[in-house]
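Visitor: my questions concern the predicted model and sequence given below.
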Amino acid sequence: MDKSRLRRYGSRALLLLLVILILGVLPKPLVTLGPQQKVETVNPKMGVHTRLTDEVEEWKIKRTLELVRAMGAPWIVEYFPWAYCEPLKGRFDWTHADLVVDHANVQGLTLIARLDFVPPWARPKNTTNSYLERERYQDFGDFVYAFASHFRGRIEYLIIWNEPNLSSSWGFRPVDPEGYTELLKIAYKRAKYADPDIQVLAAGLAPNVADEGDEFALSDLSFLQRMYDAGAKEYFDILAVHAYGNVFPPDDPPARDKINFARTELIHQLMVQNGDGDKEVIITEGGWNDHPRWTKAVRPSQRIAYTIQAYEKARGEWDWCLAVAFWAFRTPWPQRNFRDYFSFVTPEFILKPIYEEVQAYAQGATDWLERTPVER
Amino acid sequence: MALRRWLAYIALFALVALGLFFLFRLPGGEVRDRTWERIERQGVLRVGMDASYPPFELWDEVGLRGYNVDLAQALGREWGVEVDFEDIGFDGLYDALKVERVDIIISALPYDPLLTQDVAYSYSYFDAGQALVVREGTNIAEVEDLNGRRVGLELGSRGDLEARRLEQRMALERKAYVTAQEVLEALRDERVDAGIVDAVSAYQFIGEEGGLRIVQQVTEEPYVIAVPMKAPMLLEKVNEVIIKWRETGFLEELREKWF
């Protein structure tokens, strides 16, 4: 072997050694996924809506999901904004979404992904992030296809859009049930094309009693009927429902002009009337608030009781309800208003009493009031 | 060349700084505050308030009244100005201040550190946090004395949270009730040795029934007055009055009147 060849091999070997050394000293990730976990609970329908979209630090994502699992809730709903995942047309960034999904899977949680939030490139200037013109529905369909393809085998449930019966969800244009149905059809076909096993949820509607022609909203019941009239039936597998209890207990009877938890039954009745009673619903938002001053709030002890009773109602009475995910487990930072009083855990990871009581229920304490002695 | 350019920059910077100084200062050297100037000029203090939180502010057959109404009127008397109340929903109070519909918010407003870039807060005039309440004559003076005691709390409340945290390091017996009122009744009837409830409920109960006393604030929830960020004079005047009221016992009198 001549000297020049020897030198060349020698320098390559040195380079290889250098690469190995660098790789060897690269810092190891601070947060790991950890071993596969399983949710232990007496009620497999329990769930919460997490708010990890703007949670930057991975350890906080992991800690949040660990706490959900430890509370005994196997279901979570999480929001994956289109604009975050596809900042430029056809260019996808799944970094943060992957973190959330992988940690959720390792914690043994079933994740329902909500998709909306129009990126700036898909809407005119000076419009809000819910403004989507019909000409752009295919762009959203492309995103749904990309999302379902990327997360195939890791996410089984998709919610298409959010509360389309509010004008704010249309970029402050009039609500449009037929337009939403068209969007749903496109999204459904693209999702199924990417993953035939994926379950598509029609959006949860904002519970309200607004009449036709109202400037800001349309009643959830009227909106859903118009969706059926527009042919939505064949384009969703499950219906998402938003079920806020307001100041009423979960067994307060439903009525068309009343917002309460049992309003879910009216939604289901409407599905039955439209020949869609075999489908299930999932409550993807809902619950009670215990702010001391908000007019739609209840006492903290009532919130605990109603929350547990609602989980129990879904388990024992509503066989057509697959899961109940209450709003909202924890927010990344304090909202400093009534919204903080929906949470189960503070932004600093302090467990609220409701967390511990729900956890006790999930562990079998069916007579939960006895566990914390309440004198009346 | 470089030196001359630097000197020119320094001269320009000094000129701008001087301009800003004169723009925001009155001839007498005082900081300019258009809100305070308007209050003085028109003789009216416009107070934003959500009148739905008795006993701090409420409407009844008498009209608008409450602790904060008295507080605002006392503020007006201190400054020799009329007080105009604007009843605004709690969520709209900050916006009303921002668009200058009101000069000041007095509405049992909790201090919010996240808003300190948008508004300025006065010193606290009331602490509505969780309080440790005992019967008169009991030798419990602080939470450290709760070891081995029966402690009443409102289930699910911040007081409950505090008691659960204390329970991790001492052998207290938690006794949960549905409302703060029930906790205080249990304390009165000697079914518990102490209670941790919000100060507003505690003051109300003590005012009506007596026999109990607050021995320690366990958590803080200071009620403050908010003024616009660009109203340093107004803020200073408010703080001066609050300090004075603390010293003269006016805040104590006000509390005793309304609780």
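Guide: Received the coordinates, thanks.
Visitor: would you list every one of the helices in the chain?
Guide: The chain I'm using is chain A. Remark: helices assigned in chain A by DSSP state H are A:3-25, A:58-71, A:82-85, A:95-106, A:137-150, A:177-194, A:220-229, A:263-273, A:300-316, A:353-362, A:368-371.
Visitor: my bad, chain B
Guide: Taking DSSP H as the criterion, chain B contains helices spanning B:2-24, B:34-42, B:67-79, B:93-98, B:158-167, B:180-188, B:199-209, B:232-248, B:250-258.
Visitor: Throw the helices of chain A into TSV and include distance to chain B and mean pLDDT, thanks.
Guide: C-beta here means a position set from N, CA and C on the backbone, and glycine is covered the same way. Output for these, formatted as TSV (distance: least, CB to the nearest CB, whole Å; pLDDT from 0 to 100):
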stretch	distance to chain B	mean pLDDT
helix A:3-25	41	77
helix A:58-71	15	98
helix A:82-85	23	98
helix A:95-106	24	98
helix A:137-150	32	98
helix A:177-194	29	98
helix A:220-229	23	98
helix A:263-273	24	98
helix A:300-316	3	94
helix A:353-362	5	95
helix A:368-371	9	48
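Visitor: can you list those helices in a markdown table and add mean neighbour count and distance to A:Ala325?
Guide: Formatted as a markdown table, those follow (neighbours: other CB atoms under 10 Å in any protein chain shown; distance: least, CB to CB, whole Å):
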| stretch | mean neighbour count | distance to A:Ala325 |
| --- | --- | --- |
| helix A:3-25 | 9 | 42 |
| helix A:58-71 | 20 | 10 |
| helix A:82-85 | 19 | 21 |
| helix A:95-106 | 19 | 13 |
| helix A:137-150 | 20 | 19 |
| helix A:177-194 | 20 | 20 |
| helix A:220-229 | 20 | 17 |
| helix A:263-273 | 19 | 13 |
| helix A:300-316 | 22 | 11 |
| helix A:353-362 | 23 | 13 |
| helix A:368-371 | 14 | 20 |
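Visitor: residue 230: how many residues sit nearby?
Guide: Unless you meant another one, I'm taking chain A. 18 (other CB atoms under 10 Å in any protein chain shown).
Visitor: ah, I was thinking of chain B
Guide: B:Lys230: 14 surrounding residues under other CB under 10 Å.
Visitor: for chain A, see how far away it is.
Guide: Using CB to the nearest CB, to the nearest Å, one obtains 22 Å as the distance from B:Lys230 to chain A.
Visitor: I'd say that residue and B:Asp33 touch.
Guide: Yes - the criterion here is CB atoms under 8 Å, and B:Lys230 meets it with B:Asp33 at 7.1 Å.
Visitor: what's the end-to-end length of stretch A:193-208?
Guide: End-to-end distance of stretch A:193-208 (CA to CA, to the nearest Å): 34 Å.
Visitor: any idea how far the residue minimising distance to the centre of chain B is from B:Asp198?
Guide: What sits nearest the mean C-alpha location of chain B, by CA atoms, centre = their mean, is B:Tyr223, with 1.4 Å. To B:Asp198, B:Tyr223 is 12 Å away according to CB to CB, to the nearest Å.
Visitor: give the intersection of the neighbour lists for the two.
Guide: B:Ala128 (CB atoms under 8 Å, 6 or more residues apart in numbering or on different chains).
Visitor: how about the nearest residue to the residue in chain B positioned nearest to chain A, chain neighbours excluded?
Guide: Nearest to chain A, among the residues of chain B, is B:Gly156, at 2.9 Å (CB to the nearest CB). Sequence neighbours aside, A:Pro300 is the residue nearest to B:Gly156 in space, at 2.9 Å (criterion: CB to CB, 6 or more residues apart in numbering or on different chains).
Visitor: my read is that that neighbour contacts B:Leu153, right?
Guide: No - taking CB under 8 Å as the definition, A:Pro300 is not a contact partner of B:Leu153, at 10.1 Å.
Visitor: pLDDT value on the one residue sitting closest to the centre of chain A, please?
Guide: The residue lying closest to the centre of chain A (CA atoms, centre = their mean) is A:Val77, at 2.3 Å. Per-residue pLDDT puts A:Val77 at 98.
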